[in-house]
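K.L.:
Test case, fold it:
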Amino acid sequence: MAKDKTTFTCTECGGQSPKWLGKCPHCNAWNTLIEGAAESSAPTKNRYSQQYVGLAKASEVTTLADIDASDMQRTPTGHEELDRVLGGGIVEGGVVLIGGDPGIGKSTLLLQALDSLQRAGQSTLYVTGEESGAQIALRSRRLGLEGSQVKVLAEIQLEKILATLEATQPTIAVIDSIQTVYSDQLTSAPGSVAQVRECAAHLTRMAKSSGVCIVLVGHVTKEGALAGPRVLEHMVDTVLYFEGDTHSSFRLVRAIKNRFGAVNEIGVFAMTEKGLKGVSNPSAIFLSQHTEPVPGSCVMVTLEGTRPMLVEIQALVDSGGPSPRRLSVGLDKDRLAMLLAVLHRHAGVACMDQDVFVNAVGGVRISEPAADLAVMLAITSSLRGRPLPKGFLAFGEVGLAGEVRPAPRGQERLKEAAKLGFSIAIVPKANAPKKNDKTFEGLTIHAVERIEQALEVVRSLQ
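P.N.:
Numbering: from 1, shown residues only. As a prediction, this is how the structure comes out:
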């Protein structure tokens, strides 16, 4: 009997090599070539019969002006925070990819969403490849989903899953997870680059042709990125990342890609004994509860997608040694060093011989430069040992010349602050509302153009 041929496939780019190499010749990644059986060139029944069928529905060539541009009809999942991230609900024929660390709550959230949709009269299907039906039933009991009518299929073979989807025609189907699904048309093992890519393509094609909304659960690598080929994220309509700290009960679901909604939108959940519950006011998580103002604390308004959220920035300035430390949690460390240089050069606040620690409360990560002003005011407050006034907030980008630049959608930030009872705000001059605008009654707004002006306003308030 002839020996089966083997080939080596790169787990990063999917490139193939006839022999093992330390470095992939296609993407130059080290130690990524995995041995597997070579694809047979002999024709088999129905082999690749649908390989080159487009993922979108076939249509005639037409002009943009003649295309009906009506909004996609959405079906709410029954979880407001999840609907916010999805752009309003699930879309007919949409494909969603959700990834996250093991045990973060992906399966829990999706099972709760399927149960809510089923109770609302929608047909649902949960395909599990990692757990048995009994384990899913036990989880539903723990979550308090008594008498749930969600249909469960424990299967990992792609052809059987496609046949079940075609026969039952559910409104939404969850595939948990895409790395466990395999196709008989390929000889490689489940979870390999070829299997993940081909199975995802077949499921996407099924969703587009039948109108079934399919949610794919994906594994993540130790770096936190979605495992498998990068083409997987390009293929689907929406990519969600489940984030959270194992030491905290709060979870964030972030939209990295969304063809039907805003990108970088987030939903905030709290993990309870009965599963994940949406947090309607996430600002309360990221604000510390101080009975009296303390030095080194300044509140800012950040934007996560379309949602303005109040986050507390804390700074601690302490006497250092010959090599002072600069440490930031939730903020860019290099930007912190730049802000300290601007603070010294243009405002005369020197921290050369001081250790500076900056933290964004609640484990949130702030990537936008609108936090600059709040960071600098918190550092100055800690250095001088004088707290900022009660009900105080600030936001704005600070340039190397000491100028305070406007932040995008400043009016929405101020509205969120006024709604939560803040009384004093320092903002860039370009973000200041008009004098006759009564939307911000009760909120005293100080518009500044430079960092020196902001520090003078703070001194007059303290």
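
K.L.:
all helices of the stretch 151-300 of the chain, in order?
P.N.:
Ranges of helices in the stretch 151-300 of the chain, per DSSP state H, counting those that start in this stretch, are 158-168, 193-210, 231-235.

K.L.:
Among those, show me which one is buried the most.
P.N.:
Mean neighbour count (mean count of other Cβ atoms under 10 Å) peaks for helix 193-210 among these, with a mean of 22. (Glycine included, C-beta is placed from N, CA and C.)

K.L.:
contacting residues around it?
P.N.:
9-11, 14, 39, 50, 53, 55-57, 93-95, 158, 161-162, 165-166, 169, 175, 178-179, 181-183, 185-186, 188-189, 212-214, 216, 228-229, 231-232, 235-236 (Cβ atoms under 8 Å, 6 or more residues apart in numbering).

K.L.:
Generate a ChimeraX selection restricted to the buried entries among the residues you listed.
P.N.:
The ChimeraX selection below is limited to those of the contacts of helix 193-210 classed as buried (16 or more other Cβ atoms under 10 Å):
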select :9,10,11,14,93,94,95,158,161,162,165,175,178,179,181,182,183,185,186,188,212,213,214,216,228,229,232,235,236
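
K.L.:
which ones among the contacts of helix 193-210 are found in strands?
P.N.:
Among those, the members falling in strands (DSSP state E) are T9, C10, V95, I175, C213, I214, L216.

K.L.:
Please look at the last one and G94 and confirm they touch.
P.N.:
No: with contact defined as Cβ atoms under 8 Å, L216 and G94 do not form a contacting pair (11.2 Å).

K.L.:
can you redo the helices of the stretch 151-300 of the chain as TSV with distance to A425 and mean pLDDT?
P.N.:
Converted to TSV, the helices of the stretch 151-300 of the chain look like this (distance: least, Cβ to Cβ, whole Å; pLDDT from 0 to 100):
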stretch	distance to A425	mean pLDDT
helix 158-168	53	95
helix 193-210	47	92
helix 231-235	39	89
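
K.L.:
Need these in JSON lines (columns: distance to A360).
P.N.:
Output for these, formatted as JSON lines (distance: least, Cβ to Cβ, whole Å):
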{"stretch": "helix 158-168", "distance to A360": "42"}
{"stretch": "helix 193-210", "distance to A360": "35"}
{"stretch": "helix 231-235", "distance to A360": "27"}
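
K.L.:
Buried residues in stretch 373-392, which are they?
P.N.:
Buried residues in stretch 373-392 (16+ other Cβ under 10 Å): 373-383, 387-388, 391-392.

K.L.:
which one of the helices of the stretch 151-300 of the chain lies closest to A113?
P.N.:
helix 193-210 (16.8 Å; Cβ to Cβ).

K.L.:
most centrally placed residue in this protein?
P.N.:
Geometric centre of the chain, nearest residue: R254, 2.1 Å, by Cα atoms, centre = their mean.

K.L.:
Show me the beta-bridge partners of that one.
P.N.:
Beta bridges link R254 to Y241, I266 when assigned by DSSP bridges.

K.L.:
for L21, helix, strand, or coil?
P.N.:
coil (DSSP: H, G, I helix; E, B strand; the rest coil).

K.L.:
How about it, nearest residue that isn't a chain neighbour?
P.N.:
For L21, ignoring the flanking residues on the chain, the nearest one in space by Cβ to Cβ, 6 or more residues apart in numbering is L33 at 5.9 Å.
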